[in-house]
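Enquirer: Okay, sequence plus prediction incoming.
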Amino acid sequence: MDPTTAQLACFEAGVKFGSLYHQFAGTPVSPASADSLATAMAEAIENQPHCESVTVDFDDEALRAAIDEGGADYTELTGRLVEVEMVIDYEGTTVETSMAMVDGYPLMQVDDVAE
């Protein structure tokens, strides 16, 4: 059985999340560089096919706490520092997705599928 358009659209969203997370995890980040890193992350992923929009927001409180824990002027990017929203349009099917911390884990999920 061939996958449905909605299933393919969700797959595309997964590809983009995998790329976003694994490409940028570990990147050095500070309060001064967080906005430019968020922009770079969003713009890099928006280059991929079927990607309509990406929003990356840093949790400033979590960022400052991570820096304080490490004792340096920066920390490395992890899922607990960002919230991400992504919209994928695949052959007329729109998938809205998000990533946020759930029970200590950066959960990437499909929030809505509209055909």
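Expert: Sure thing, it's come through. Numbering: from 1, shown residues only.
Enquirer: Helix, strand, or coil at the spatially most central residue of the chain?
Expert: Central residue of the chain (CA atoms, centre = their mean): Val84, 4.0 Å from the mean position. For Val84, the secondary-structure state derived from DSSP: H, G, I helix; E, B strand; the rest coil is strand.
Enquirer: Number the chain from 55, please
Expert: With 55 as the first residue, the last one maps to Val138.
Enquirer: For it, which non-adjacent residue is closest in space?
Expert: Met153 (4.2 Å; CB to CB, 6 or more residues apart in numbering). No exception for glycine: its C-beta is placed from N, CA and C like everyone else's.
Enquirer: contact partners of the strand or helix carrying that neighbour?
Expert: Per DSSP states H and E: Met153 is located in strand 147-156. For strand 147-156, contacts defined as CB atoms under 8 Å, 6 or more residues apart in numbering pick out 59-60, 62-64, 66-67, 71, 75, 106, 133-134, 136-143, 160-169.
Enquirer: now the residues you listed: which count as buried?
Expert: 60, 62-64, 66-67, 71, 75, 133-134, 136-143, 160, 162, 167 (16 or more other CB atoms under 10 Å).
Enquirer: Any idea how many residues pack against the residue nearest to Val138?
Expert: 19 (other CB atoms under 10 Å).
Enquirer: Same check on Glu130?
Expert: Each residue near Glu130 was counted by other CB under 10 Å, and the total is 14.
Enquirer: List the buried residues of stretch 115-132.
Expert: Using 16+ other CB under 10 Å as the test for burial, stretch 115-132 gives Ala116, Leu117, Ala120, Ile121, Tyr128, Thr129, Leu131, Thr132.
Enquirer: can you name the two of those that are farthest apart?
Expert: The span of those, defined through CB to CB, is set by Ala116 and Tyr128 at 13.8 Å.
Enquirer: Show the contacting residues for Gly68.
Expert: With CB under 8 Å, 6+ apart, Gly68 has these contacts: Met162.
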